[in-house]
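> sequence? don't have it. structure:
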């Protein structure tokens, strides 16, 4: 499953039930879906969120958790995560003569990142997780424990196995 956090609804309930069947009957299917969502919400720490909560009022960390819960409710065998920590810390980056400086704008941003990494470490025990990232070794050392194998894509799309740059 590919995780993205672009939402189509205005509140949590409408977002979670967006893809549910609309035909008559199907009560058992809807109960099954509701149970899967409840398990997924519990696994990502959203069990206390109000279903009428406005999605626009959620923090980046809670949006990330909601998007993940919606995917986990489908009971996938694996997750494909594209830049899973992007947007969880607002970086200010400068590049003065080959030197990279990154500073976070808020401590809560770092907590959201730490929470996501902790959650992914837990999920790795149950699922295969494929993470796609740019500049992996420079900014994303906290994901090191999740990585069993990494590749670098060279010009022309050739993949080469590579040790992490941590």
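Right, received. Where do you want to start? Only a predicted model underlies this, so the values are computations on that prediction, with no experimental measurement involved.

> low-confidence regions, the protein specifically.
1-5, 23-25, 87-109, 134-141, 164-166 (pLDDT under 70).

> can you give me the strands in it?
78-82, 91-94, 101-104, 128-132, 151-153, 159-161 (DSSP state E).

> which helices and strands sit right next to the last one?
The one in question is strand 159-161. Judged by 3 or more Cβ pairs under 8 Å, 6 or more residues apart in numbering; DSSP states H and E, the packing partners of strand 159-161 are strand 151-153. For glycine as for every other residue, the C-beta is placed from the backbone atoms N, C-alpha and C.

> the fifth one now?
Other elements packing on strand 151-153 under the criterion 3+ Cβ pairs under 8 Å, 6+ apart are strand 159-161.

> give me the residues contacting the strand it packs on.
149-154 (Cβ atoms under 8 Å, 6 or more residues apart in numbering).

> look at the residue lying closest to residue 117 once chain neighbours are set aside and say how many residues are nearby.
Nearest non-adjacent residue to residue 117, counting by Cβ to Cβ, 6 or more residues apart in numbering: residue 142, 4.7 Å away. Other residues near residue 142 come to 17 when the count uses other Cβ atoms under 10 Å.

> ok, now residue 28?
8.

> same thing with residue 64?
Residue 64, neighbours per other Cβ under 10 Å, totals 25.
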